[in-house]
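S.K.: Got a predicted structure here, sequence first:
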Amino acid sequence: MTPAPAPAPAPAPGDPDRDILRRASLKVALRISAGVAVLVVLLLAAATVFLMNKLAHPSLPEATAGKAYTYLDSKDLIEGMILAGLAGIVLAGVVGWVSARSAIRPLGEALARQRRFVQDASHELRTPLAILDTRIQLAQRKAEPGSEPAQALARIREDTATLTGIVNELLLAATASAPRAALEPVDVAAAAESVGASLQDLARQQGVQLLFSGGGPALVRIDPSSLRRAVLALADNALAHTPDGGRITISAAAEGSRAVIVVSDTGSGITGVDPGQIFDRFVRAPGLDRDGGRRSFGIGLALVRDIATAAGGTVEVARTGPEGTTMRLALPLARG
């Protein structure tokens, strides 16, 4: 039996967005102060040049009855201008700080609402997922070991574990918890093979042949759930572009200092969008949505790039054309 889900991590003390907003306000104030400082320096320089020019060509006014004249020392005058300029810079910084804090406050409230929503939604999902996992285990006990139903239940439980991992990651991110300990090495070949097994039924329904080719163990340091999500997104994208009768190949192997996962399909290739932008958020090829099928939002491949970048790796379109597309995910091999 799976134990009840552990209590949610305690939120970090205080508002987790407060420091970010404070730094943003300070940055705005510093930029305003820097702009004012440049302006003050230019004005002081112009005033100094003007005064020096006057000193070089002095002209004394003629004595006129009823008029009084005051003579100022040029050094004292320049010092006074400098002090006034410094005061203006400080005042501009204070005004910029107060204005920035006032302008950013609505953004802080929006971030707080978003964080609370993610916290509440992810926490509420943990219990139903734990119940679902328990029911799957009960069904596994009644299934004949090694039978087709037992294998199907094992794959369902694996998918449930992936979903639980995603929910836990969302909750950890939303609560700004302390960073995790060093990750244990994960075999990318095993993860890729597991994804291929999970998608076999879906590929069969679409009339697509899904193959896996492994080149031996290749260990990387990455969260297992994140690795599975990345490979799953690449394979799912290939399924969306491969017509009935097509073929998808997932391969994983070590190449030099990197573990490389390659997902190839026999679809029509990437059209209507620059292949270099396919990993940008909300970018998607036109005509991808099929009748009765799932709608594409252009997020899956962007998440793959985020996961690869966070792990020190890369993802790219290695090849695309009328014969199909090949995606290449490369991650640094674990050392020691």
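M.R.: Arrived safely. Numbering: from 1, shown residues only.
S.K.: And the average pLDDT for the helix or strand Ala34 falls within is what?
M.R.: Take DSSP states H and E as the rule and Ala34 turns out to sit in helix 18-56. Model confidence over helix 18-56, given as mean pLDDT, is 77.
S.K.: Check which element follows that helix along the chain.
M.R.: Downstream of helix 18-56 (by DSSP H and E), the next one is helix 74-142.
S.K.: tell me the angle of the helix holding Ala34 relative to helix 74-142?
M.R.: On the basis of axes from the mean of the first three to the mean of the last three C-alpha atoms, to 10 degrees, helix 18-56 is oriented at 160 degrees to helix 74-142.
S.K.: helices or strands up against helix 18-56?
M.R.: If you count contacts as 3 or more C-beta pairs under 8 Å, 6 or more residues apart in numbering; DSSP states H and E, helix 18-56 packs onto helix 74-142. Placement of C-beta: from N, CA and C, glycine included.
S.K.: same question for the helix or strand that the helix it packs on is followed by, mean pLDDT?
M.R.: Per DSSP H and E, helix 74-142 leads on to helix 148-174 as the next helix or strand towards the C-terminus. Helix 148-174 comes out with an average pLDDT of 82.
S.K.: per-domain residue ranges of the protein.
M.R.: The chain breaks down by automatic domain parsing into domains covering 1-59+66-179, 185-332.
S.K.: Packed most tightly, which of those domains would that be?
M.R.: domain 185-332 (a mean of 18; mean count of other C-beta atoms under 10 Å).
S.K.: Now the terminal residues of it, how far apart.
M.R.: This stretch, domain 185-332, spans 11 Å end to end (C-alpha to C-alpha, to the nearest Å).
S.K.: Strands along the stretch 151-300 of the chain, start to end?
M.R.: With DSSP state E, counting those that start in this stretch as the criterion, the stretch 151-300 of the chain has strands at 185-187, 209-214, 219-221, 247-255, 258-265.
S.K.: Taking strand 209-214 as reference, get the angle to the longest one.
M.R.: So the one you mean is strand 247-255. With the same axes, to 10 degrees as the basis, strand 247-255 and strand 209-214 are set at 10 degrees to each other.
S.K.: Pull the residues that contact strand 247-255.
M.R.: Strand 247-255 has contacts (C-beta atoms under 8 Å, 6 or more residues apart in numbering) with 188-189, 191-193, 195-196, 203, 208-218, 231, 235, 238-239, 242, 259-266, 330, 333.
S.K.: go again using 7 Å as the cut-off
M.R.: 188-189, 192, 195-196, 203, 208-216, 218, 235, 238-239, 242, 260-266, 333 (C-beta atoms under 7 Å, 6 or more residues apart in numbering).
S.K.: Please state the offset of the helix holding Ala34 from the chain centre?
M.R.: Put simply, helix 18-56 sits 36 Å off its chain's centre (C-alpha atoms, centre = their mean, to the nearest Å).
S.K.: Quick check: pLDDT value at the nearest residue to Val186 once chain neighbours are set aside.
M.R.: Nearest non-adjacent residue to Val186, counting by C-beta to C-beta, 6 or more residues apart in numbering: Pro224, 5.1 Å away. The model reports Pro224 with a pLDDT of 86.
S.K.: ditto for the one 4 residues further on
M.R.: Confidence per residue is given as pLDDT, and for Arg228 that number is 89.
S.K.: okay but it is in contact with Ala190, surely?
M.R.: No: using C-beta atoms under 7 Å, Arg228 makes no contact with Ala190, being 10.1 Å away.
S.K.: Contacts only, for the nearest residue to Gly300 once chain neighbours are set aside.
M.R.: Leaving aside its chain neighbours, Gly300 sits nearest to Ala233 (4.1 Å; criterion: C-beta to C-beta, 6+ apart). Counting by C-beta under 7 Å, 6+ apart, Ala233 touches Gly300, Leu301, Leu303, Val304.
S.K.: distance of Ala233 from Ala121?
M.R.: 21 Å (C-beta to C-beta, to the nearest Å).
S.K.: Any idea which helix or strand in this structure has the lowest mean pLDDT?
M.R.: Taking mean pLDDT, DSSP states H and E as the measure, the chain has helix 18-56 as its least confident helix or strand, at a mean of 77.
S.K.: re the thing from before, out of the domains of the chain, which gets the lowest mean score?
M.R.: domain 1-59+66-179 (a mean of 76).
S.K.: Off-centre distance for it?
M.R.: 14 Å.
S.K.: Point to the residue nearest the middle of this structure.
M.R.: Asp306 (5.4 Å; C-alpha atoms, centre = their mean).
S.K.: Can you give me the separation between that residue and Thr314?
M.R.: 12 Å.
S.K.: again, but for Val95
M.R.: Plainly put, Val95 is 45 Å away from Thr314 if you go by C-beta to C-beta.
S.K.: Secondary structure element for Leu329, which one?
M.R.: According to DSSP H and E, Leu329 maps onto strand 324-332.
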